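S.K.: I would like to see how this sequence folds:
(2 chains)
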Amino acid sequence: MSLDRARPPAPRPRPPVEPPAFVRQRLGHGLVLLAAPRPRLPLVRMDLLFPTAGGRHDPLNKAGLATLVSSLLDEAEPGRTATEAAERLGGSLFTGATWNTALANVTLLSKHLPRGLELLTRVGRPSHVTFPARHVARLQGQRLAALIQQRTDRRKLADQHLARALFGDTGYGRPLHGDFESIQGLDRKDLVRFHREHYRWRNAALVAVGDLDPSALLDRVAEIFPDDDAQPAHKTPAQDPPSTDNGLVVVVDDPEATHAELRLGQLLLPYGHADRVWMEMTQAILAASPTSRLPQRLRETEGWTYSIQIRMPGRTDPGPFEIATAVPFEHVGRAAAHVLEETERFLQDGPTDEEVDGARRHLESQFTIQLQAIEQWVNKLSLLPVFELPEDHFEHHLKCLRSARADKILTAARRHLQPKRWALAAVGPAQQLVPQLDSWGPVTVSPP
Amino acid sequence: MDDALIQDVETHRLDNRLRLVLQPDKSLPLVATHVSYHVGSAQDPPGQSGLSHLFEHLFFLGSQHVGPQGFFYHLRQAGGQANGATWYDRTTYFQTLPSEHLELALWLESDRLGFFTAVLDPAVLEVQRNVVLSERRQRFDNQPYGRVHEHIHELLFPPGHPYRRPVIGSPEDLRAITVEDVTAFFDAQYTPANAVLCLVGDFEPGPTRELVNTYFAPLPRRRPPKRPDASEPTPHQSNVRRVISESAGLSRIYMGFRLPAYGTDDWYAADLLSSALTAGRSSRLHENLVRNRQLAQDVSSFVLPTQLGATFTLAVTCRSQVEPERVEEAMRQTFKQIAAGDLSPDQLQQARDRLQTQHYRSLQTLEKRADALAKAELYFDDPGALSRELARYGDLDLDQVVQTTATYLHPDLGVTLTYVAGSRSEEAQP
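M.R.: Residues are numbered from 1 along each chain as shown, chains lettered A, B, ... in the order given. Purely as a prediction, here's the structure:
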C-alpha cells in the first residue's frame, strides 16, 4: 500500500449506531425491571431506583433530607450491614441520592447475583427501615463535617452560588446535601416521614446489567421482592423557579485563592423536552472539543484556562445550562466577555455545516463509547424510569441526531439561550474581581 | 488464569523497534489506540521540571502533514475523543473512535512521532506554557490539600532523585523552557524504540498489522534514550514531619513511605494491605476510625506503581473538634500492630476478592484495557503480566504482608504531613 501522508485516510464503511437492547417489565406491585445481558465479563451491576425520593423532593427548610435518608438505608437493622456483606463477597454496595432519584446499587461477581438481589431487597424494602437514633446522630455529625470541608472547595462554592442565583429558594437552589442550619434542624421523625412518603415499590425501578439471564432474573425478582406495598409514593409538584431577568452577579470573596473559579448560566429545559437533543448539539459545538468555539478562544488562543466546559445536568424540572471555567484573576472580566461574545455570535450566525457534522458524529460515537462498561449501561437505562421516558427513547434520540441540520439547532438555541440574562458567580479576591464584573449587573459579595 | 479480558492478545516488534500490542474485541464498533512513551517527569532535565508534561500538551497541536490544530480537528470530525497523561515514568496518548476511522488514528499518531517539530514555534509554546501554569493553579494550588504529592515526594526523596520534583513542574522552571529545550527533549525521548502502540477494539489483526507497518515502519530507527538509575530504594530513616496550616475545612494527616518498585512481591503485598486498610466501609481503618471511634471523616490509601521505587501513602481526614495528634497516633498504632502480626486471614481474603472485582471493573473500557496492556508491555516486556497480577496477590500469604509492613511501613520509617485547618502557613520539622 502506498502512503500519502499529506491527506487524511478515508474511513471504512460506517456501521449504524445501534440503541442498547434491553428487557423492560412491570411487576404486580409496580416495580419496573430493566435488564440487559452483557456476558463478556463475570460481573453484574444492579441499581434499585426510587425516582420519587431524590433531592428535588426536600421540603422547604429541610435541604439535605433526601440524601440523609438515602445514606441511612443501610443502617436500618442491628448486625452486619448490607454494605459489609457485599464487601465480604469482594463487591460493593452504595446508597445515596441525586437531585432526581434515590438509589441503592450493588456491583458483584455474577456468581453472587442472588445474594446481591437479597441485599438490595434488604436496603430498599420500605417496611424494614427503622432509622435507629444513634445512626441518625452519627451520620448527621458526619454530614456537618463534610459541609465544613466543602466550604473550602472553591469549585463547589462556585457551583452552589450559581445554582442559588439561578433557582433562588426553590429546590435546586438549595444545596443537595443541605447546609448547617437545615441538617442541624432535622430529627428522626423527619427522616421516618420522608421515607414513608417517598419510598414505594410502585414508583421504583430495578436496572440490572451484566452477566445475567433477564428471564431468570425476572422470576427471581418477582419471588424475592415482597408485595407488601401497593401505595404510590408522594409526588412533589413541578417547581416554579424565579425569573433571572437581569444578570445576577455573585462574587465569593476568597483572598487566599490563587485562581478564579468562574461560572455563567441560565435555566434551560427539563430532561425530557423535545429540544434537548438540539441543545446537546449546541453544547458540543460550543465546548465539546479543544477545537470547539469556547476552548479555542479561551484556551488555545488566549492561554488563560486549562479547561472550559458546558454542563447541562438532567433534571425533572427545568435544569441549568452552566459554563464552568477557571482563569487568572486579572482575566475574569475579559473571559466572561469572550464567552458572551462567542455565544452571541453563534446565536447570530448559527453553526456551520462542518460544525453540525462534527457535533453529530461526536454525539453518536459518545452514545456508543458510553456503553462499554456495565455501570455506563445502567446509567443509560436508568434515564427511562427517572425521567419517565418512553421505551423507544434511544431510537428516537439517534434518529434526531441523524436528521440534524444547522437551522434546527439554531432555532432551538435561539428559543432557549438568553446570554444577556445570564447569572454569574466567581470565587476569588473581591477587590480584584468586582471591578471587572460590575458592568454585568449589581454585584453581591458573599463570604465563602 | 481464565481472564476473558485479555484473551487473543498478540505482540509484534517493527524493524525500527516500535512495539505493537493488538487485541481484537468486536463487542462494539469502536477502537482504542494508545501510545505509551517510556518517558515521564523522571526524565525532566535539571532546572526543567514539568517539561515532559508541557511536551504532552504541545504534542496535540499538530504535525507537519496533519497541520497546526489539525489533530483535534480531524478527530472531532470523525467523532473521536483523545487525551494524554504524564506520569513519573511514562507519558500516554489515547484515542477512542468509531472503528471505521482506525486508519485516521494511525495517520495522526505516526505523523506526530515522525514529523512533530514542524509546527513548533515560540508563540505556540507560550500559549501552552500559560495553559499549564493555569492548570497548576487550578488543579493543585487552588485546591484543598492540592499540593500534597509535591510535599510528600519532597520529604520522601533526597535532592536529585527523579521523583522529588512534581510532574506538573515548578512555575519558575516552566517559565524558563525554550523551543530548543522542547526540540532536544523530543529528539532524545520520542523514538519508535521508546514506545508501545496498543490497539484494542473492532478490527482484524492481519490487515491492522499491515496498516501499522504502512504508517510506522518508514519512521527511522533511532537509539533509545538512557533510562534513569533504577537502584533499589532504602527505607527512610529520618521520621521527617511537616505541618501545613491552610484553609482546608478539616485537618488531614498523610503518612508516606518508600517501597520497592512496582512489580516486586513487596509492592503487591503493600497494595493488598492498602486495600485491607481503607477500601470500603468494612475495611479496617474505616470501621475503626470512621464508624466506631468517629475520629475520622474519611480514610484512603494508595501505592504508586512506579519503577524507580514506589511509595505508599495513607491519608486520614480528622472530624472537626478531633485533635490531629489523636488520629496520627491511631495511624501509627495500626502500622505497628500489623507489623507485629495483628492482621487476620479474613481481612486479607476480603482485600483479594475486592481486587479481583476491581480488576474486571477497571478493564471494561477499551481505553483502560489498552492502557493496562501497554503499561505491562512497557514495564515488563509482556502484556501477559496483566493477567498474572491477580495471581501475584493470591500467592501472598499473611506472613509476607506482615513482613513487608515491618520492613517498609513501620511508622518510624515514614514521613508525616499534617494539614491543620486554619490560614496558610508552612512549618517543617526535621
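
S.K.: excluding its backbone neighbours, what's nearest residue 12?
M.R.: Assuming you mean chain A. Excluding its sequence neighbours, the residue lying closest to residue A:12 (CB to CB, 6 or more residues apart in numbering or on different chains) is residue B:100, at 4.1 Å. Just so you know, the C-beta spots here come from the backbone N, C-alpha and C atoms, and that holds for glycine as well.

S.K.: try chain B instead
M.R.: residue B:20 (4.4 Å).

S.K.: list the contacts for that neighbour?
M.R.: B:11, B:12, B:13, B:14, B:196, B:197, B:198, B:199, B:209, B:212 (CB atoms under 8 Å, 6 or more residues apart in numbering or on different chains).

S.K.: Now list the buried members of those residues.
M.R.: Neighbour-count burial within the contacts of residue B:20 applies to B:11, B:14, B:196, B:197, B:198, B:199, B:209, B:212; the criterion is 16 or more other CB atoms under 10 Å in any protein chain shown.

S.K.: Dump the residues you listed to JSON lines, plus distance to residue B:58, pLDDT and secondary structure.
M.R.: Converted to JSON lines, the buried ones among the contacts of residue B:20 look like this (distance: CB to CB, whole Å; pLDDT from 0 to 100; DSSP: H, G, I helix; E, B strand; the rest coil):
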{"residue": "B:11", "distance to residue B:58": "30", "pLDDT": "97", "secondary structure": "strand"}
{"residue": "B:14", "distance to residue B:58": "25", "pLDDT": "98", "secondary structure": "coil"}
{"residue": "B:196", "distance to residue B:58": "21", "pLDDT": "98", "secondary structure": "strand"}
{"residue": "B:197", "distance to residue B:58": "20", "pLDDT": "98", "secondary structure": "strand"}
{"residue": "B:198", "distance to residue B:58": "23", "pLDDT": "98", "secondary structure": "strand"}
{"residue": "B:199", "distance to residue B:58": "24", "pLDDT": "98", "secondary structure": "strand"}
{"residue": "B:209", "distance to residue B:58": "30", "pLDDT": "98", "secondary structure": "helix"}
{"residue": "B:212", "distance to residue B:58": "24", "pLDDT": "98", "secondary structure": "helix"}
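
S.K.: For these, which two are the farthest from each other?
M.R.: By the measure CB to CB, B:196 and B:209 form the most distant pair in those, at 14.9 Å.

S.K.: and the stretch 151-300 of chain A, which of its residues are near chain B?
M.R.: With CB under 8 Å from any CB of the partner chain as the criterion, the stretch 151-300 of chain A comes near chain B at residues A:151-154, A:256-259, A:261, A:288-292, A:299-300.

S.K.: Now the buried members of these.
M.R.: A:151-154, A:257-259, A:261, A:288-292, A:299-300.

S.K.: so, if you compare those, which one comes nearest to residue B:93?
M.R.: Ranked by distance to residue B:93 (CB to CB), these are led by residue A:290 at 13.9 Å.

S.K.: Help me see whether stretch B:44-56 makes contact with chain A, please.
M.R.: No - using CB under 8 Å from any CB, stretch B:44-56 never reaches chain A; the gap is at least 11.8 Å.

S.K.: Counting neighbours, what do you get for whatever residue of chain B ends up closest to chain A?
M.R.: Residue of chain B nearest chain A, by CB to the nearest CB: residue B:353 (2.8 Å). Residues lying near residue B:353 (other CB atoms under 10 Å in any protein chain shown) number 20.

S.K.: and what of the one 10 residues further on?
M.R.: Using other CB under 10 Å, residue B:363 is surrounded by 22 other residues.

S.K.: Over to it: give its phi and psi.
M.R.: Here the main-chain torsion angles of residue B:363 (degrees, to the nearest 10) amount to phi -110, psi 20.

S.K.: Distance check, it against residue B:20.
M.R.: 20 Å (CB to CB, to the nearest Å).

S.K.: Closest residue of the stretch 1-150 of chain A to chain B?
M.R.: residue A:90 (2.8 Å).

S.K.: Name the nearest residue to that residue, sequence neighbours excluded.
M.R.: In this structure, residue A:90 finds its nearest non-sequential neighbour in residue B:353, 2.8 Å apart by CB to CB, 6+ apart.

S.K.: what about the one you found, which SS state?
M.R.: helix (DSSP: H, G, I helix; E, B strand; the rest coil).

S.K.: That one against residue A:108, yeah?
M.R.: No - using CB atoms under 8 Å, residue B:353 is not in contact with residue A:108, being 10.0 Å away.

S.K.: Please enumerate the shared neighbours of the two.
M.R.: Joint contacts of residue B:353 and residue A:108 (CB under 8 Å, 6+ apart) are A:89, A:90.

S.K.: and residue B:93, which of the three is it?
M.R.: Residue B:93 ends up strand, using three-state DSSP.

S.K.: Skipping its backbone neighbours, what lies nearest residue B:162 in space?
M.R.: residue B:42 (3.6 Å).

S.K.: Backbone torsions only: list them for that neighbour.
M.R.: Torsion angles, degrees, to the nearest 10, at residue B:42: phi -60, psi -20.

S.K.: Which of the helices or strands spans residue A:333?
M.R.: Assigned by DSSP states H and E, residue A:333 belongs to helix A:332-349.

S.K.: now residue A:161: how far from residue B:16?
M.R.: Distance from residue A:161 to residue B:16, counting by CB to CB: 55 Å.

S.K.: between these two, who's got more neighbours?
M.R.: residue A:161 (24 against 16).

S.K.: That one is in contact with residue A:424, isn't it?
M.R.: No - using CB under 8 Å, residue A:161 is not in contact with residue A:424, being 9.5 Å away.

S.K.: Mutual contacts of those two, please.
M.R.: A:250, A:263.

S.K.: pLDDT at residue A:230, what is it?
M.R.: With respect to pLDDT, residue A:230 scores 59.

S.K.: Could you do residue B:248 as well?
M.R.: Reported pLDDT for residue B:248: 72.

S.K.: That one contacts residue B:145, doesn't it?
M.R.: Yes - using CB under 8 Å, residue B:248 is in contact with residue B:145, at 5.7 Å.

S.K.: Strands - which of the residues of the stretch 151-300 of chain A next to chain B land there?
M.R.: Among these, DSSP state E puts residue A:261 in strands.

S.K.: biggest separation within the residues of the stretch 151-300 of chain A next to chain B, which pair?
M.R.: Going by CB to CB, the pair spanning these furthest: A:151 and A:291, at 37.1 Å.

S.K.: so residue B:414 sits right up against residue B:256, yeah?
M.R.: Yes - counting by CB under 8 Å, residue B:414 touches residue B:256, with 5.8 Å between them.
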